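> quick one, structure for this:
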Amino acid sequence: MPPDARLRPVLIGSEIYRRSSYGPKHPLAIPRVSTALDLIEAMGWLPPEGWVPAPMASPAELARFHHPDYIAALQRAEATQQADAADRARFHIGAHGNPVYREVFSRPATSAGGCLLAARLTAAGGIVHCPGGGTHHGRPDRASGFCYLNDPVLGLLAWLDQGLDAILYVDIDAHHGDGVQDAFHDDPRVFTLSVHEGGRWPFTGAATDRAGGHARNLPVPPGFNDSEMLWLLHQAILPIARHLRPQAIMLQCGADALEEDPLSRLALSNNAHWGVVRALAARPLQQRALGRGAGPDGRGAAPRRAGRRRLQPLVRRTLLGRDLGGAQRRRDPGPGDAGGRARAAGAELRPGGRARPAGTLVHHAPRCAASGRGAGGGAARGGGGAARPAGAARGGLTRGRNRRGARRLRRMRGRAPPPGEGP
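Numbering: from 1, shown residues only. Below is the predicted model of the structure:
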């Protein structure tokens, strides 16, 4: 009998990730999903029956979004372990960073099957966590950005097929979720909201790009940090969610926005991701699903940072509503706390002037970015780049920046955050 996602957040996994790799020199060479599943189990954050296995999506299910010729080409590449010149040129299999590997069809089809299962499990409401999903660059007829299939689109389409007509897709990956936005460009039933690094591949998602009125893009500058993400959360993401009143939310929480990831220049810690997860999971909805965080863009690819492997296990813990404890326990100062403006900027000061990132949700940050590039490589920047209010801090409050961050916070005391914009 399938688990009831209304009673307890359901975790979907698969053993296929344990033995699968894009290749030794690829950003996705390091095991992430299997490591996350093992850590979740080791910490006792699973029910006795364990995680729910993701089925492999059938070609017919994949054809809801993907072209049958492309699906056949993926199957052919897996069977022969090669792609001919025609398939490389037409489908980008074995080209443009999308290698032919042993499970080049089976693995993405399993991720898609997990998202489709999540949609079925939330038919009556609830929360599902699918750390193997989130390949948001996939196109109907070709691979793109390490993404062969677009499982978020397939999951969203499954919700639409159930009769939902007000869905919010939130993407906090470092790269713009271009495949999802374009899939629903003319569909008012799905609203896409993306926070991503401006001016980075795929060079889409400018602040002026509204996808016909059904999207909001929030490109942010390099060095974007926890306090700034919390500011965006409460000045943009949550106000938009309140305005739209969605029946369901899908969150793609890719970890490549974490500091020191080789494929971005952002400076978030795990706290920022947990804050977004906690805030969106707390909203009163009919249905919710939470997508992948280890993801296709090299999320979690830097071997020197074990924090990426901890992200998804602690997302699971956040969904369970358990106190993160220790350094993550913080009093909520609130926007009107006159004595807590240093905390409201996203950090607390340790003795000796060292800054410590805050772990609560309703902090404010000194800047909000509005920069990016339009499709086709054309620049689309507001004010010549990322917007920074006067006196705003630059850079993160994470490792290597603590002393400078502490000095900036002392200078910022008494300064109110800039007003947010509604949807």
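> contacts for stretch 115-130?
2-7, 9-12, 52, 54-55, 57, 61, 111, 114, 133, 151-152, 154-155, 158-159, 162, 248, 281, 285-292, 312, 315-316, 319 (Cβ atoms under 8 Å, 6 or more residues apart in numbering). All C-beta spots, glycine's among them, are computed from the backbone N, C-alpha and C.
> so where is the chain shaky, pLDDT-wise?
Per-residue confidence for the chain (pLDDT under 70) gives these ranges: 286-311, 322-423.
> which helix runs longest in it?
helix 106-121 (DSSP state H).
> just the buried residues of that one, please?
106-119, 121 (16 or more other Cβ atoms under 10 Å).
> picking that back up, can you tell me which of the contacts of stretch 115-130 are in helices?
Those of the contacts of stretch 115-130 lying in helices (DSSP H): 61, 111, 114, 151-152, 154-155, 158-159, 281, 312, 315-316, 319.
> quick one: which of the residues you listed is nearest to P262?
Q312 (18.8 Å; Cβ to Cβ).
> what about the nearest residue to that closest one once chain neighbours are set aside, how many neighbours?
With Cβ to Cβ, 6 or more residues apart in numbering as the criterion, Q312 has its nearest non-adjacent residue at 3.9 Å, and that residue is A36. By other Cβ atoms under 10 Å, the residues close to A36 number 29.
> from L314, how far off is A36?
Distance of A36 to L314, computed by Cβ to Cβ, to the nearest Å: 10 Å.
> that older thread, now the residue nearest to Q312, what's its secondary structure?
helix (DSSP: H, G, I helix; E, B strand; the rest coil).
> does P59 touch Q75 like I think?
Yes - contact between P59 and Q75 holds when scored by Cβ atoms under 8 Å: they sit 7.5 Å apart.
> my guess is V104 contacts C147. True?
No - counting by Cβ under 8 Å, V104 stays clear of C147, with 11.9 Å between them.
> hmm, G50 and E41 touching each other?
Yes - in this structure E41 lies within contact range of G50 using Cβ under 8 Å: 7.1 Å.
> quick one, which of those two is more surrounded?
Between E41 and G50, counted using other Cβ under 10 Å, E41 has the larger neighbour count: 15 against 12.
> that one sits in which helix or strand?
Using DSSP states H and E, E41 sits in helix 33-42.
> list the buried ones in that helix?
So for helix 33-42, counting by 16+ other Cβ under 10 Å, buried means V33, S34, T35, A36, L37, L39, I40.
> next one: stretch 162-169
For stretch 162-169, by 16+ other Cβ under 10 Å, it's L164, I167, L168, Y169.
> okay, and the beta partners of the nearest residue to A89 once chain neighbours are set aside?
Closest residue to A89 apart from its sequence neighbours, by Cβ to Cβ, 6+ apart: A95 at 7.6 Å. Counting by DSSP bridges, A95 forms beta bridges with N98.
> let me know whether A95 touches A86 as I believe.
No - checked against Cβ under 8 Å, the pair A95 and A86 is beyond contact range at 11.4 Å.
> give me the more crowded residue out of these two.
A95 (17 against 9).
> which residues touch the more buried one?
A83, R88, A89.
> next up, the contacts around the first one.
Read that as A83. A73, R76, A77, F91, I93, G94, A95, V100.
> need the residues that contact the longest strand along the chain.
Longest strand in the chain by number of residues (criterion: DSSP state E): strand 190-197. With contact meaning Cβ under 8 Å, 6+ apart, strand 190-197 is reached by 156, 160, 167-177, 180-181, 184, 205, 211, 214-222, 224, 229, 232, 237, 240, 244, 246, 257, 264-266, 372.
> neighbouring strands of the following helix or strand past it in the sheet, and parallel or not?
Proceeding N to C from strand 190-197, the next assigned helix or strand is strand 215-220, under DSSP H and E. Note on strand 215-220: by DSSP bridges, its sheet partners are strand 190-197 (parallel).
> all strands for the chain, in order.
For the chain, the strands defined by DSSP E cover 10-13, 52-53, 128-129, 167-171, 190-197, 215-220, 248-252, 287-290, 347-349, 355-357.
> which residues touch the fourth one?
Read it as strand 167-171. Outside strand 167-171, the residues touching it (Cβ under 8 Å, 6+ apart) are 136, 152, 156, 159-160, 177, 180, 184, 189-196, 237, 240-241, 244, 246-252, 254, 276, 280.
> try it again with 6 Å
The contact list for strand 167-171, computed with Cβ atoms under 6 Å, 6 or more residues apart in numbering, reads 159, 177, 180, 190-194, 241, 244, 246, 248-252.
> taking strand 248-252 as reference, get the angle to that strand.
10 degrees (axes from the mean of the first three to the mean of the last three Cα atoms, to 10 degrees).
> extract the C-alpha set from strand 167-171 and format it as CSV.
Extracted C-alpha coordinates of strand 167-171, given in CSV (Å, rounded to 0.1, in the frame of the first residue of the first chain):
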residue,chain,number,x,y,z
ILE,A,167,0.7,25.6,-9.5
LEU,A,168,3.8,27.5,-8.4
TYR,A,169,7.2,26.2,-9.4
VAL,A,170,10.1,27.6,-7.4
ASP,A,171,13.7,27.1,-8.5
